[in-house]
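K.L.:
Turn this into a model:
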Amino acid sequence: MDENRLSGLITPAELEQAIQSGLIDTVMIAFCDMQGRLMGKRLTGEFYLRNVQSKGTHFCTYLLGTDMEMNTPSGYEQMNWESGYGDWLASPDWSTLRVIPWLEKTAMVLCDVADEKAGSPIGIAPRNILKKQMLRAEQKGFRLMMASELEFYLFKESYENIHDKGYQHMQTSGHYNEDYNLLQGTRNEPLYRKIRNHMNAAGIPIESTKGEAAVGQHEINMLYADALTSADRHVMLKHGVKEICMQHEHAVTFMAKPHNGWTGSSGHIHISLWDLQGEQNLFYDAAEQPYGMSQTMKYFLGGILACTRDFSLFFAPNVNSYKRFAPDSWAPVHIVWSHDNRTSGLRIVGDQQSLRIENRIPGADMNPYLAYSAMIAAGLYGIENGIEPTAEWKGNAYTMKGLPRVPASLYEAMELWKESPIVRSALGDQVTDHYYNMAKVEQQALNTFVTDWERARYFEQI
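P.N.:
Sure, this is the predicted structure:
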């Protein structure tokens with residue numbers, strides 16, 4: 001095999017040949033957990049060829065029932081001590097097989113989670129949740145095209161150093177607001193260039209990177225693709241950026257709000273509906289007003305507007321997520337739509353074949369499979385029920401009262417989720433209850449924790 005060709009997406013046959021020739025010696029088998037992290041195993045090339053190539057690998061069921069710290073909380077029906085925490089199968093999706101250029105002689109394949117004995121997909125697994133919503137759309141004649149924009153903070157110190165300091169006095173990689181500022185961006189360009197080039201070489205096409213609206217904050221934009229491909233790219237990009245930064249004694253965070261005095265990090269989602277052949281953007285109709293928005297697009301937008309509060313757990317999944325939503329912060333607080341207006345939760349951008357909805361509500365901390373699923377489910381609900389969008393919002397959406405608002409806390413989002421017949425109908429009882437328990441575990445962890453802020457505020461004064 002030509003070593004120069006060994007990059008990006010490859011076939012299983014090419015991987016086998018690369019292992020036999022010594023170009024690849026490690027294969028990562030990976031799947032996405034509830035929190036949006038890649039879990040899995042690193043296999044030697046020899047073991048992969050002998051035991052895993054045909055079916056995948058096993059993992060403990062608890063990996064889809066943990067909290068952020070990998071504890072095993074109660075309340076999950078499908079994984080608990082009574083059931084003994086058995087195994088599920090990580091079944092490779094060979095269309096995702098690729099060489100990882102920032103790791104020596106390494107390939108990775110993303111997996112779906114399955115019950116090996118029954119041969120059926122595990123419904124609570126994030127990638128399977130998205131595939132179910134994509135199938136619903138396909139049955140209506142729609143192909144979903146999507147893309148993510150991710151903002152993050154870069155630090156001039158390692159994760160270990162930040163941890164040892166108790167996450168205090170973190171040294172951001174910059175010293176002034178670098179939004180679109182090429183000079184400030186130059187300071188970190190050697191690292192950002194590596195990220196862009198490594199991602200492109202891995203088959204994760206990058207459009208651009210740019211400075212964002214705070215010290216040390218940056219943004220990276222990926223090329224659009226079908227929904228599953230874009231979600232796969234999203235989760236691999238976040239994982240890969242962290243690995244690349246680790247190799248250069250830097251750290252990066254995709255937290256929605258890393259510090260109360262910093263601008264939050266967004267995770268904007270772009271979406272449009274196409275015909276099944278991928279030839280025609282069904283959001284565009286030249287005869288329709290406003291902006292050439294077809295009736296299909298209006299109904300889809302109407303569904304998102306009507307259902308965002310119900311689905312907020314998938315857009316903003318943890319307690320920190322809700323601290324990003326603040327007036328005049330570049331993060332929306334009201335669930336309204338506008339054309340090219342960054343104060344609204346939903347922004348209409350593009351024209352003709354590029355006409356699309358930009359959802360500005362999710363943060364960079366979202367799990368892409370879940371956030372994409374929520375947006376698709378909400379949009380399909382709008383189409384199924386003929387929901388017209390509210391009137392376009394003109395002006396500053398931050399200043400107005402009485403508009404539908406993003407939930408103010410995880411607790412509020414939990415209750416909306418739990419009581420929503422729309423969520424339960426779209427996702428099913430099992431998924432609805434499983435992710436409600438995830439949120440409950442997260443909320444309870446916060447409720448019992450005493451913060452430095454509380455000690456400073458109350459220690460002497462009360």
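K.L.:
Can you name the next helix or strand after the longest strand seen in the chain?
P.N.:
The residue-count maximum for a strand in the chain (DSSP state E) belongs to strand 143-155. Tracing the chain C-terminally past strand 143-155 and defining elements by DSSP states H and E, one meets helix 159-164 next.
K.L.:
Now do that next one: distance to the chain's middle.
P.N.:
25 Å (CA atoms, centre = their mean, to the nearest Å).
K.L.:
Could you pull up the mean pLDDT of it?
P.N.:
For helix 159-164, the mean per-residue pLDDT is 97.
K.L.:
And stretch 104-117, by the same measure?
P.N.:
For stretch 104-117, mean pLDDT rounds to 96.
K.L.:
repeat for stretch 79-87
P.N.:
91.
K.L.:
buried residues in it?
P.N.:
Using 16 or more other CB atoms under 10 Å as the test for burial, stretch 79-87 gives 79-80. In short, each C-beta sits where N, CA and C put it, glycine included.
K.L.:
Kindly report the same for stretch 255-274.
P.N.:
Buried residues in stretch 255-274, counted by 16+ other CB under 10 Å: 255-258, 262-274.
K.L.:
Tell me who's in contact with Asn359.
P.N.:
268-271, 304, 315, 345-346, 375 (CB atoms under 8 Å, 6 or more residues apart in numbering).
K.L.:
what mean pLDDT would you report for the biggest helix by length in the chain?
P.N.:
Ranked by residue count, the top helix of the chain under DSSP state H comes out as helix 227-247. Averaged across helix 227-247, pLDDT comes to 98.
K.L.:
do the same with stretch 428-437
P.N.:
Regarding stretch 428-437, the rounded mean pLDDT is 98.
K.L.:
again with stretch 341-354
P.N.:
So the average pLDDT for stretch 341-354 ends up being 96.
K.L.:
Over to stretch 207-220?
P.N.:
Mean predicted confidence for stretch 207-220 is 96.
K.L.:
which residue is nearest the middle of this structure?
P.N.:
Nearest residue to the geometric centre of the chain (CA atoms, centre = their mean): Pro368, 2.6 Å.
K.L.:
Next one: that one relative to Pro317, how far apart?
P.N.:
For Pro368, the distance to Pro317 equals 11 Å [CB to CB, to the nearest Å].
K.L.:
Give me the common contacts of these two.
P.N.:
Common neighbours of Pro368 and Pro317 (CB under 8 Å, 6+ apart) are Gly36.
K.L.:
Tyr180 is in contact with Thr209, isn't it?
P.N.:
No - applying CB atoms under 8 Å, one finds Tyr180 not in contact with Thr209, separated by 11.2 Å.
K.L.:
Those two: who's more crowded?
P.N.:
Thr209 (18 against 12; other CB atoms under 10 Å).
K.L.:
Mind telling me what element that one is part of?
P.N.:
Applying DSSP H and E, one finds Thr209 within strand 206-211.
K.L.:
Paired strands for the next helix or strand after that strand, with orientation please.
P.N.:
For strand 206-211, the succeeding helix or strand toward the C-terminus, using DSSP H and E, is strand 217-222. Paired strands of strand 217-222, with direction, are strand 143-155 (antiparallel), strand 206-211 (antiparallel) (DSSP bridges).
K.L.:
can you list those strands in CSV and add distance to Ile335?
P.N.:
CSV is the format used below for these (distance: least, CB to CB, whole Å):
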stretch, distance to Ile335
strand 143-155, 19
strand 206-211, 27
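K.L.:
Mean neighbour count, those: which tops it?
P.N.:
strand 143-155 (a mean of 23; mean count of other CB atoms under 10 Å).
K.L.:
quick check: angle from that one to helix 227-247?
P.N.:
10 degrees (axes from the mean of the first three to the mean of the last three CA atoms, to 10 degrees).
K.L.:
send the alpha carbons of strand 143-155 over as CSV?
P.N.:
Extracted in CSV, the C-alpha atoms of strand 143-155 (Å, rounded to 0.1, in the frame of the first residue of the first chain):
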residue,chain,number,x,y,z
ARG,A,143,-32.7,13.8,3.8
LEU,A,144,-31.3,15.9,6.6
MET,A,145,-28.2,18.0,6.0
MET,A,146,-26.5,19.5,9.1
ALA,A,147,-23.3,21.0,10.4
SER,A,148,-21.9,22.2,13.7
GLU,A,149,-19.9,25.3,14.7
LEU,A,150,-18.0,24.9,17.9
GLU,A,151,-16.5,27.5,20.2
PHE,A,152,-13.9,26.7,22.8
TYR,A,153,-11.2,28.1,25.1
LEU,A,154,-7.5,27.4,24.7
PHE,A,155,-5.1,27.4,27.7
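K.L.:
buried ones in stretch 168-177?
P.N.:
Per 16+ other CB under 10 Å, stretch 168-177 contains these buried residues: 170, 172-174, 177.
K.L.:
So Ser272, which state does it fall into?
P.N.:
State at Ser272, reduced to three classes by DSSP: H, G, I helix; E, B strand; the rest coil: strand.
K.L.:
Could you list the low-confidence segments of the chain?
P.N.:
The chain contains residues with pLDDT under 70 at 1-5.
K.L.:
For it, which segments count as helices?
P.N.:
Using DSSP H, helices in the chain cover 12-21, 45-47, 126-139, 159-164, 182-187, 189-201, 227-247, 295-307, 312-315, 368-384, 410-419, 421-427, 429-447, 452-458.
K.L.:
can I get those helices in TSV with distance to Gln280?
P.N.:
Formatted as TSV, the helices of the chain follow (distance: least, CB to CB, whole Å):
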stretch	distance to Gln280
helix 12-21	33
helix 45-47	44
helix 126-139	15
helix 159-164	46
helix 182-187	38
helix 189-201	28
helix 227-247	17
helix 295-307	11
helix 312-315	28
helix 368-384	16
helix 410-419	35
helix 421-427	26
helix 429-447	32
helix 452-458	53
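K.L.:
So for Thr61, which of those helices sits nearest?
P.N.:
With CB to CB, the closest approach to Thr61 among the helices of the chain belongs to helix 429-447: 12.0 Å.
K.L.:
Enumerate the positions of the closest one that are buried.
P.N.:
Those would be 431-443, 445, for helix 429-447 by 16+ other CB under 10 Å.
K.L.:
same thing with stretch 16-33?
P.N.:
16, 18-19, 23-33.
K.L.:
Return the member of the residues you listed nearest to Gly395.
P.N.:
Cys32 (39.2 Å).
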